[in-house]
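Participant: coordinates for the following, if possible.
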Amino acid sequence: MEVGDKVSFLNDVGGGTIIRVLTDKKVAIENEDGFEEEHWIKNLVIKSASKDYKLDGIEYNLSVQEKIKPASKQKQLDDFQQKTKGLNRIETQDEIEVDLHIEELIETSRGMGNAQILAVQMANFKRELNVAIRKKVRKLIVIHGVGEGVLKAEIKHHLYDFYPSMEHHDASYRKYGYGATEILIYTR
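Facilitator: Numbers count the residues shown, from 1 in each chain. Here you go, the predicted structure:
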């Protein structure tokens, strides 16, 4: 905080302007009524200028571009690609097979809760379903495993909610056991 900064009180109504820095923890301000008061710096908040809140125009775009560093974005992308393995996808002319076991999707799930793991699996399922729809694939085989059936139920809820006309049923028992669902996307 510097002399001339406009401040608001953290736990009180009002504010003022800093007129003197008394110590590294205390300042003198001139309040809104013109009186001089001493306040602890920890109880003050610097008011932002209205230009700091500007949400459009060239100035804003330039400030955003300065803040976004391409190198850091590329590093984030590289880190993400390193952490996620390519989906174990087998593509043929008529079907896509995708394995949603968490160890097939990410390097490690250590420290992740069940809800986080399910979110990763569902995000990958939705992405693969969109790819299959875009490619006009006839069927998508989703390997979800048996487990407690939570992932299977979430997949079915998603299909009922967003693709009610899309047919789906358990995939071949002989090949997958009870751990896979077959989704018919395009019937020819």
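Participant: the closest residue to K42 other than its chain neighbours: how many residues sit nearby?
Facilitator: Leaving aside its sequence neighbours, K42 sits nearest to K25 (C-beta to C-beta, 6 or more residues apart in numbering; 7.3 Å). The C-beta positions use only the backbone N, C-alpha and C, and glycine is treated the same way. By the criterion of other C-beta atoms under 10 Å, K25 has 9 neighbours.
Participant: dump the residue contacts of K25.
Facilitator: 40-42 (C-beta atoms under 8 Å, 6 or more residues apart in numbering).
Participant: and which of these is nearest to V142?
Facilitator: K42 (54.4 Å; C-beta to C-beta).
Participant: quick one: the closest one from R127, how far?
Facilitator: 47 Å (C-beta to C-beta, to the nearest Å).
Participant: which one of the two is surrounded by more residues?
Facilitator: Under the neighbour definition other C-beta under 10 Å, K42 and R127 were set side by side, and R127 has more, 12 against 8.
Participant: shaky segments in this structure?
Facilitator: 1, 48-74, 80-93, 187-188 (pLDDT under 70).
Participant: give me the phi and psi for G4.
Facilitator: Main-chain dihedrals, G4, degrees, to the nearest 10: phi 100, psi -20.
Participant: number of residues surrounding it?
Facilitator: 8.
Participant: which ones are touching it?
Facilitator: G4 is in contact with 17-18, counting by C-beta under 8 Å, 6+ apart.
Participant: quick one: residues in contact with the lengthiest helix in the chain.
Facilitator: Across the chain, the longest stretch assigned as helix under DSSP state H is helix 114-134. The contact list for helix 114-134 (C-beta under 8 Å, 6+ apart) reads 87, 89, 96, 98, 100, 102, 105-106, 109, 112, 140, 142, 144, 150-151, 154-155, 158, 163, 183, 185.
Participant: mind listing what's buried in that helix?
Facilitator: Residues 117-118, 120-122, 124-125, 128-129, 131-132 are the ones in helix 114-134 that count as buried (16 or more other C-beta atoms under 10 Å).
Participant: same thing with stretch 10-25?
Facilitator: Buried residues in stretch 10-25 (16+ other C-beta under 10 Å): 15-16, 18.
Participant: so which residues of this structure form helices?
Facilitator: Taking DSSP H as the criterion, the chain carries its helices at 58-67, 70-83, 102-105, 114-134, 150-162, 173-176.
Participant: need the ones you listed in CSV (columns: distance to F35).
Facilitator: Formatted as CSV, the helices of the chain follow (distance: least, C-beta to C-beta, whole Å):
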stretch, distance to F35
helix 58-67, 36
helix 70-83, 47
helix 102-105, 63
helix 114-134, 54
helix 150-162, 61
helix 173-176, 78
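Participant: thank you, goodbye.
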